[in-house]
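Visitor: Below are the sequence and a predicted model for it; my questions follow.
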Amino acid sequence: MENILLTLNIILAIILVLLVLLQQSEGGALGIGVSQESFMFSRSAGNFLTTATAIVATLFIICSLGLTILSNKELSPEKSLLDKIEQNTDKDAPQIPQNNN
């Protein structure tokens, strides 16, 4: 199950990147090569890409949360790092001799 979700997550990530790259920038082009005629016809394509991006992003987030939940169940609770350090220092500390004669 985890492998299927991981594969789906990678595919969704690639699709999401492609959808974002296909969208037309709204102000960064400085008007170069953009005429009013192409602006009128690109609105419907822009709405489709915006909707598709939102849907794919939502699926990506849901898939990522599912992967997190599945991987979290496999982890066993462990002690704190500070507890481990305290246990190691107690064992490795040199012993004080009882008699100095």
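Guide: Looks like it arrived, so ask away. Since the model is a prediction, treat every value here as computed from it, not as a measurement.
Visitor: Tell me, please, where in this protein the pLDDT is lower than the cut-off.
Guide: Across the chain, the stretches falling below the confidence threshold (pLDDT under 70) are 26-46, 74-79, 81, 83-95, 100-101.
Visitor: please redo it, this time with the cut-off set to 50
Guide: 30-31, 36, 40 (pLDDT under 50).
Visitor: what about the helices in it?
Guide: 2-22, 36-74, 81-92 (DSSP state H).
Visitor: Which strands and helices lie in contact with the first one?
Guide: The reference is to helix 2-22. Counting by 3 or more Cβ pairs under 8 Å, 6 or more residues apart in numbering; DSSP states H and E, the packing neighbours recorded for helix 2-22 are helix 36-74. To be clear about C-beta, it is placed using only N, CA and C from the backbone, and glycine gets the same treatment.
Visitor: Could you tell me how far the nearest residue to A52 once chain neighbours are set aside is located from G66?
Guide: Closest residue in space to A52, ignoring its immediate chain neighbours: L19 at 5.7 Å, by Cβ to Cβ, 6 or more residues apart in numbering. For L19, the distance to G66 under the criterion Cβ to Cβ, to the nearest Å works out to 21 Å.
Visitor: next one: T50
Guide: T50 sits 25 Å away from G66, going by Cβ to Cβ.
Visitor: swap in A52?
Guide: From A52 over to G66 the distance is 21 Å, taken as Cβ to Cβ.
Visitor: And for F60?
Guide: Look at F60 and G66: by Cβ to Cβ, they are 11 Å apart.
Visitor: Look at T50 and G66 and report which has more neighbours.
Guide: Regarding T50 and G66, a neighbour count based on other Cβ atoms under 10 Å identifies G66 as having more, with 16 against 12.
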